[in-house]
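**Student:** Turn this into a model:
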Amino acid sequence: MPQENITYLSGSRDEIIGYKRGVGISKVQLAAVVFVLTAAGLGVGLLVGKFGICQPEDKNDGDVKSRVLDRLVSEADPTISQLIMDGIDPHRIEENLRLLTRKPHIAGRPNDFELVKLLQQHFKDNGLLVQTAPYDVLLSYPSETTPNSVRLVDGRGHVVYDSVTDESDISHLPDVVPPFHAYSANSLVEGQIVFVGYGRHLEYESLLKLGINVTGHLVLVKYGKLFRGDKVAIAASYGATGVIMYTDPDDYTGFKSGDRRVYPETWWMPPNGAQRGTILLGEGDPLTPGYPANDLAFRYAENEVDPPMPQIPSHPIGYGAAYNIIRYLNGSNVPSGWQGALNITYRTGPGFTQPGMKIQLNVTSRNERVKAENVFGIIRGSSEPDRYVLFGNHRDAWIYGALDPSSGTAILMELARVMGGLVKSGKWRPRRSMVFCSWGAEEYGLIGSTEWVEQYVALLRERAVAYINVDIAVQGNNTLRVSSTPLMYNIVYEASKKVPNPNTAEIQAGRKTVYDTWLQVTPQTDHENTLVPAITTLGSGSDYAPLLQRAGITAIDLRYSYDRKLYDVPSYPLYHTEYEIFDVVKEQFDRDFQFHAAMAKVVGEMSRSLADSLLLPFKLLNYANGLDSLRKILDREYGSVLSKDIDNYDRLAEIIQGFTEDVLSFETRLKTIDTKDPLAIRAANDQMLLLERAFLDPAGLPERPLKKHVIFAEDAHDSYAGTSFPGLVDLLFEIEKHPERWEKVRHHFSVILQIIQSAGATLRDVTNFMPEIP
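**Tutor:** Just a heads-up that it's a prediction; the model follows:
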């Protein structure tokens, strides 16, 4: 943790740390201090280990040691769970959200720093230690004088259509940035345009089969199916000169079901709505890959970074603007499945129905080095202060961010108030330290969290227990939606069973808890043939990614979501638009903020369980079962190909079975552990929390060296989507066109076997982790 800007619960900094920087200490004094500390530590070790020389001791000294030992082996207070839940106030969450969304707060601008100060004061007022971590990073902003534009020009040079820069009647308010794609190349391009559907590889290949090549043309792309940055990179790889991206009503309205209403009547996107967002590939400050963007950093030039900055201009528009382009398009009707919901015939282009007509895309955005700041509130643990349970949410928004991210920030503030209040009142202090994280510049590419992990990765790998991410607390009122690594499955299941259902209709149907509805909506069968709620694989797109990928911290991302069977949409429709304001949350999602409160209770109970349990509540068998499930998926999708070219392909099942046996053996020993022996407890807990780290490859994934987790990562061709065995999946993509990759496939398969086997060894008896001599 950074040392600047620290506020302590009680006592001066020097009283707590034990010395003053800049004050001379003699060698004799230093030796005395070291001797005293060493002797004290040895004394406790001898007492705990149940051996040593019995020395006469003062009765009071014995009482102190007894109290210390009792604290080290004490079980969690079961009453605290209910105290936390009872303390959560939906009205306070509502007021938090109202306060957070008064002004736009894009990263790196004054309104964002106002929220930094607000959170610092909030944490301080509720008794938390306060720390900040600022970084000097490259962000991107639209021009304040020459807005980005999309124009349709006829053969005589007259403007037939000029895209609007205003989404709504709040567009002219201070600090509202018009729609733009962060880090877009800055240039003016003009020419013909080709409609490429969702802009995936398969659509470009379909066009090539039709004899349509996008090289030298702009492309019109629908939002959805994959990350916008991947769409731009794919377009550039096929030779496109620019990208115009729009939200088709087929994906962001109810048109296809006959519902023509849009916001403010419903949550559906109006014609002028345009989705802002980054198109940067990779995570963190683009100029300092792999290392923190502080005053020690070496910075690459923008044209030297890897992965490269976007090479072509890109700009988002609404479907109202897209209509005025598509209506003039010439060419064949689009292939089956490409047709959107505009009342018009979709054609491929290139070319227009009017001779000489062309499209102009002018992007004037600029990149600028600015400060991005993270804020932390910390509750120091009573027995294991060097073990951290982290709960995080990013703070920055493209405009008001009432859903993304401020719904999450609102519950983070409420949990800090409730838990901090219990500590201040003397009713509770968690066994382990709790860290409330407010990340900066997430929208630009997880910048604040990535820089922090890069700065403190060695510390985090040693000390972090788990990370809970709530990017968006509420984006619907149907059920929980969870993505996670397997160690967190049991924890979120148990927490959600304790939280009362916020939906009265569900309660009347007999589903009394959050878990009950979650199970009803997304049931799946686990390895024991028991029905449990579905949990998906973590991809990228939020701040859990660097903590999992760089530091190997087990992680979870959760939110309340909409009914995906009823609403077949890629996200809530008003995502990253001006319409994402407080009133939308109040009127369309959660009028009484009961769903926000339920989310806070689930997260609060998970955090308490991780921070307070004597033995960490991880269920390691979920990891073993998860690996076996992933192996079966890999076998189903790629087994026939892999088994032909990898001689020892069947070893994967054998190695996973060996890992499972190591897990079962560990869990058997855990059942008989001496819970009065703090060293035994500490050793077992460390084996559990370090397990996730065992799946990191120091060399990183093939062609993605900063992605180090060999089991879970985002898809290389869609940064939003999670995938398993990501290095293999990356290499197998279109391998028939690249047979030279097979050597890398065989190498990486060997790495996977080695890492899973090594992970199993971390769970064995600490002095019996190698094979015995025959």
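**Student:** Okay, strands next: where are they in the stretch 1-150 of the chain?
**Tutor:** Ranges of strands within the stretch 1-150 of the chain are 129-141, 149-153, based on DSSP state E, counting those that start in this stretch.
**Student:** closest one to Leu630 among the ones you listed?
**Tutor:** Comparison of those against Leu630 by Cβ to Cβ identifies strand 129-141 as nearest, at 34.5 Å. To be clear about C-beta, it is placed using only N, CA and C from the backbone, and glycine gets the same treatment.
**Student:** which helices and strands does that closest one pack with?
**Tutor:** Judged by 3 or more Cβ pairs under 8 Å, 6 or more residues apart in numbering; DSSP states H and E, strand 129-141 is in contact with helix 110-125, strand 366-379, helix 447-463.
**Student:** Report the buried residues of the second one.
**Tutor:** So that's strand 366-379. Buried residues in strand 366-379, counted by 16 or more other Cβ atoms under 10 Å: Asn367, Val370, Lys371, Ala372, Glu373, Asn374, Val375, Phe376, Gly377, Ile378, Ile379.
**Student:** try the first one
**Tutor:** Of the residues in helix 110-125, those with enough neighbours to count as buried (16+ other Cβ under 10 Å) are Asn111, Asp112, Phe113, Leu115, Val116, Leu118, Leu119, Gln120, His122, Phe123.
**Student:** nearest to Asp396, of the helices and strands packed on strand 129-141?
**Tutor:** With Cβ to Cβ, the closest approach to Asp396 among the helices and strands packed on strand 129-141 belongs to helix 110-125: 5.6 Å.
**Student:** which residues touch the closest one?
**Tutor:** With Cβ atoms under 8 Å, 6 or more residues apart in numbering as the test, helix 110-125 has contacts from 5, 7, 99-100, 103-106, 129-130, 132, 175, 371, 373, 375-377, 395-396, 409, 413, 416-417, 420, 436, 438, 440.
**Student:** With stretch 592-600 instead?
**Tutor:** So stretch 592-600 is contacted by 88-91, 93-94, 97, 407, 410-411, 414-415, 470, 473-474, 477, 499-503, 514, 558-560, 589-590 (Cβ under 8 Å, 6+ apart).
**Student:** again with stretch 301-308
**Tutor:** Leu138, Leu281, Gly282, Pro286, Leu287, Pro289, Met309, Asn367.
**Student:** residue ranges for the strands of the stretch 201-350 of the chain, please.
**Tutor:** 218-222, 242-246, 277-278, 314-317.
**Student:** What of the stretch 451-600 of the chain?
**Tutor:** According to DSSP E, counting those that start in this stretch, the strands that the stretch 451-600 of the chain contains are 464-469, 479-484, 523-525, 531-533, 555-561.
**Student:** Make CSV from those strands and add mean neighbour count and distance to Val164 to it.
**Tutor:** Putting the strands of the stretch 451-600 of the chain into CSV (neighbours: other Cβ atoms under 10 Å; distance: least, Cβ to Cβ, whole Å) gives the following:
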stretch, mean neighbour count, distance to Val164
strand 464-469, 26, 35
strand 479-484, 23, 33
strand 523-525, 10, 45
strand 531-533, 17, 43
strand 555-561, 25, 31
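**Student:** Would you tell me which of the ones you listed gets closest to Asp162?
**Tutor:** Ranking the strands of the stretch 451-600 of the chain by distance to Asp162, with Cβ to Cβ as the measure, places strand 555-561 first at 37.3 Å.
**Student:** Report how many residues lie close to the nearest residue to Arg704 once chain neighbours are set aside.
**Tutor:** Nearest residue to Arg704, sequence neighbours excluded (Cβ to Cβ, 6 or more residues apart in numbering): Ala716, at 6.6 Å. A count of neighbours around Ala716, defined by other Cβ atoms under 10 Å, yields 21.
**Student:** State the distance from Ala716 to Pro500.
**Tutor:** 42 Å (Cβ to Cβ, to the nearest Å).
**Student:** burial measure for the nearest residue to Leu173 once chain neighbours are set aside, as a count.
**Tutor:** In this structure, Leu173 finds its nearest non-sequential neighbour in Pro104, 7.8 Å apart by Cβ to Cβ, 6+ apart. By other Cβ under 10 Å, the residues close to Pro104 number 20.
**Student:** if you skip the residues just before and after it, what's nearest to Leu361?
**Tutor:** Per Cβ to Cβ, 6+ apart, closest to Leu361 is Gly242, 4.5 Å.
**Student:** ok so, going back, which one of the buried residues of strand 366-379 is nearest Leu547?
**Tutor:** Looking across those and measuring by Cβ to Cβ, the closest to Leu547 is Asn374, at 12.5 Å.
**Student:** hang on, that closest one packs against Gly440?
**Tutor:** Yes. The criterion here is Cβ atoms under 8 Å, and Asn374 meets it with Gly440 at 5.4 Å.
**Student:** Spell out which residues are contacts of both of those two.
**Tutor:** Tyr135, Gly448.
**Student:** where along the stretch 1-150 of the chain do the helices fall?
**Tutor:** 13-17, 27-49, 59-72, 80-87, 90-100, 110-125 (DSSP state H, counting those that start in this stretch).
**Student:** need the least confident one among those, by mean pLDDT.
**Tutor:** Per-stretch mean pLDDT for the helices of the stretch 1-150 of the chain is lowest at helix 13-17 (a mean of 30).
**Student:** can you list the weak-confidence ranges in the protein?
**Tutor:** Applying pLDDT under 70 to the chain picks out residues 1-62, 64-65, 169-172, 772-774.
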